[in-house]
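Student: could you work out the structure for the sequence below:
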Amino acid sequence: MKVLHVITGLDMGGAEQQLRLLLRRLPAQCEVITLTNPGAVAEGIEADGTPVTHLGMTGNRDLTALPRLTGLIRGGGYDLVHTHLYRACVYGRIAARLAGVRAVVATEHSLGDAVIEGRRLTRGVRTLYRATERLGAATVAVSDTVAARLRRWGVPERRIHVVPNGIEAHRFGFDPAARALVRTRLGLPLDAFVVGGVGRLVPGKRFDVLVRAVTQLPGVHLLLAGEGPEREMLRRMAEQFGSGDRIHLLGERGGAVGPVADDRPGAGPDIPGLLAAIDVFVSPSPDEAFGLAVLEALASGLHVLYGSCPAVDELPQDQAPGARRFSPGVHELATALRELRRHGPGRLPVPPVVRRYDITRSAEALMSVYEQAVAAAPARWRSPVAMPPPQGRAVALEAPGVSLPDPARPPAPSQLSNR
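Tutor: Down below sits the predicted model:
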């Protein structure tokens, strides 16, 4: 089976790294097109042996991208097109239909109750989503929670398939030597109580709550990995509360897919190294589609405090005994962290939930969706969708009065997706 993956961008992010992990395991001949931002993950995918093409899309209304994408799909002879992230799903479904591809599958990575990929959901966004969703054969939800949201949007049950995200658990196993090395490199006392967080630095992730909670705990350090528009605000907040020397904003970090160690001079820790160095992991976001970062922390044997994590909430409590949900308020979080510090959390055995979300199982389930979609598709799509003009207003691709959001990432620093 020949499969083309179309994704909005390939800079560092959860959906992007999830794609790289899947490409390593899918028993199919795969290629990738990224509409924008062929960054670090694109380089990794190519290093793994999968070709990546950069479409060079300049913005949401760059309609010249549609005929280019259609031509690439038509010329590639693909059996199936798999789209990832909102903009790629909108353009990719239309282009695949125009190109006469046999089947189209889309993965919904980041659909929340009120946001999609960090952007506010509007009536127009929902209308456009539903209109283009009908052009595909199946929509993959990364959790039962996302599947329920899709049903509420009116996506037919028969088109929804739940394929959870997955991880390579062995990459996150606790390493005492890595703990000491990372703390030494960052100038942290070996006996300090250190809290960690990972994610896009955007308002919906509520990292302001985490920063303010840590400022109320003398002597406690915070390692926060991620990029985004709130970084400078978080830095100023830490300084305002006199805690600038304890709040460490590390920028985007790799390692969920690539090597565990980075020995370059001055290099900061990757995600496995960060998890080894901390004592408690916090994910304050109240609205998640899956909760990949929480799962990675549990694989490292950490106690976890989280605001939302369908990967954990959808299972019995004994599957993740080290994970505790909290209402994302500063006082409650500070109290929970103070209690964990007092008892000395230590490392926990890796919980059953981690084994459940193994990336190999995810790839096998996704391949089953592919096979069903190809078997059910006609030999060639007919194309009732007219090709829009290459220039001018994106009438055919927008709901009235609503422009396509830029759901992959803001144009400034790349962010960690769907972690």
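Student: for the chain, which helix or strand comes out least confident on mean pLDDT?
Tutor: Every helix and strand in the chain was compared by mean pLDDT, DSSP states H and E; the lowest is strand 119-120, with a mean of 74.
Student: strand partners (parallel or antiparallel) of that one?
Tutor: Strand 119-120 pairs in its sheet with strand 115-116 (antiparallel), by DSSP bridges.
Student: what mean pLDDT does stretch 188-197 get?
Tutor: Stretch 188-197 shows a mean pLDDT of 96.
Student: how close does R68 get to G75?
Tutor: 11 Å (CB to CB, to the nearest Å). For every residue, glycine as well, the C-beta is placed using N, CA and C.
Student: now P316
Tutor: Distance of P316 to G75, given as CB to CB: 49 Å.
Student: which residues touch R120?
Tutor: A114 (CB atoms under 8 Å, 6 or more residues apart in numbering).
Student: for G112, same thing?
Tutor: By CB under 8 Å, 6+ apart, G112 lies in contact with L121, R149, G204, D287, E288, A289.
Student: how about I45, secondary structure?
Tutor: Put simply, I45 is helix when judged by DSSP: H, G, I helix; E, B strand; the rest coil.
Student: that one contacts I7, doesn't it?
Tutor: No - contact status for I45 versus I7: not in contact, 9.9 Å apart, counting by CB atoms under 8 Å.
Student: list residues touching both of these two?
Tutor: What both I45 and I7 touch, as defined by CB under 8 Å, 6+ apart, is the set L19, V32.
Student: have a look at these two and say which one is more surrounded.
Tutor: Using other CB atoms under 10 Å as the criterion, I45 and I7 rank with I7 on top: 30 against 27.
Student: give me phi/psi at the more buried one?
Tutor: Backbone torsions of I7, given as degrees, to the nearest 10, read phi -130, psi 150.
Student: re the thing from before, could the contacts of G112 go into TSV alongside neighbour count?
Tutor: Output for the contacts of G112, formatted as TSV (neighbours: other CB atoms under 10 Å):
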residue	neighbour count
L121	17
R149	19
G204	19
D287	17
E288	28
A289	28
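Student: closest to V81 out of those residues?
Tutor: Of all those, V81 sits closest to A289, with 21.8 Å by CB to CB.
Student: before we move on, the earlier item: tell me the first helix or strand C-terminal of the least confident helix or strand of the chain.
Tutor: Heading C-terminal from strand 119-120, the first helix or strand you meet, by DSSP states H and E, is helix 123-133.
Student: now the helices for the stretch 201-350 of the chain?
Tutor: Assigned by DSSP state H, counting those that start in this stretch, the stretch 201-350 of the chain shows helices spanning 207-215, 231-240, 271-277, 292-299, 310-313, 330-343.
Student: great, nothing more from me.
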